[in-house]
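J.: Curious how this folds, go ahead:
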Amino acid sequence: MHIRIQKNCLLCGITSDHDFCAPCYRDLPQLPGHHCPVCLWPVPTAEICGACLKKPPAFTRTIAALRYTFPADALIHALKYQTNLAIAPVLAHLFITRLGTIETLPDIIMPMPLHPIRLRERGFNQAMEISRYIAKQTDVALIPDGCSRIKHTLPQAGLPWKERQKNIRKAFRCTMDLSGKHVAVVDDVMTTGATLNELAKVLQRQGAAEISNWVIARAVPEVKQTGPFTSF
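T.: Predicted structure coming up:
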């Protein structure tokens, strides 16, 4: 006999067959239809934005499941700061749904590393928890310790762009030979892209041919603006 297990929607709490009820799932914040394929900034024709053309980042592309606003931000905060580890596979599944249109998967998945001090404080690496599920579902090799964070930095949130660049500079180390590899870096949120770009520089120096940012949420404006807010 098949027993049907009922769940409760993570957002509104009503009985649902899935993690979200249909109305809440439809209301999840989506990225703008047209965006830069490199950094996901909204652009009119889905071409590479001016900032990425003027100063190309070290990464090749960015893929995100959601736009970083409510309730995506609340779900990520529940995982990151309230130790609700059950949300990690939910967020990973949202990302994998977005991945459905990608023809070529990377050679390896690498979670954004935490400094040992931050890891002890939090007790886990949220990017690692999300990566486990994505790697299992995509059958891509997970390299949990391919790179390390050697500089204990201030939290990037709240810092202005120039300070974020300075704060994260020389924060990572990698000794792996990545010659010719396509590496996907998994992280929870991309705001300015400073942290992801700094890690991508290190991966490039180790020979990585392509670097994809795989993030759960990207902070972009709801209404399209005339120019980007960031410059790599």
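
J.: Regarding residue 93, what is its secondary structure?
T.: Of the three states, residue 93 takes helix according to DSSP: H, G, I helix; E, B strand; the rest coil.

J.: Can you give me the buried ones in stretch 61-72?
T.: The neighbour-count check on stretch 61-72 (16 or more other C-beta atoms under 10 Å) flags 61-68, 71-72 as buried. Backbone N, C-alpha and C define where each C-beta goes, glycine included.

J.: Sitting in helices, which of these do you find?
T.: residue 72 (DSSP state H).

J.: I'd guessed residue 186 sits against residue 211; true?
T.: No - using C-beta atoms under 8 Å, residue 186 is not in contact with residue 211, being 11.9 Å away.

J.: Please state the mean pLDDT value computed over stretch 139-148.
T.: The pLDDT scores in stretch 139-148 average 93.

J.: ignore the last one, stretch 74-81
T.: Rounded mean pLDDT across stretch 74-81 is 95.

J.: Can you tell me what sits against that stretch?
T.: When contacts are defined by C-beta atoms under 8 Å, 6 or more residues apart in numbering, stretch 74-81 is touched by residues 10, 68, 84-85, 87-88, 90-91, 122, 126, 129, 188-189, 216-217.

J.: Next, give me the two most distant ones among these.
T.: 10 and 122 (21.2 Å; C-beta to C-beta).

J.: Would you mind telling me which of the two has more residues around it?
T.: residue 10 (20 against 13; other C-beta atoms under 10 Å).

J.: per-residue pLDDT, that one?
T.: On pLDDT, residue 10 comes in at 93.

J.: can you check residue 207 too?
T.: Here, the pLDDT recorded for residue 207 equals 97.

J.: With residue 168 instead?
T.: pLDDT, residue 168: 73.
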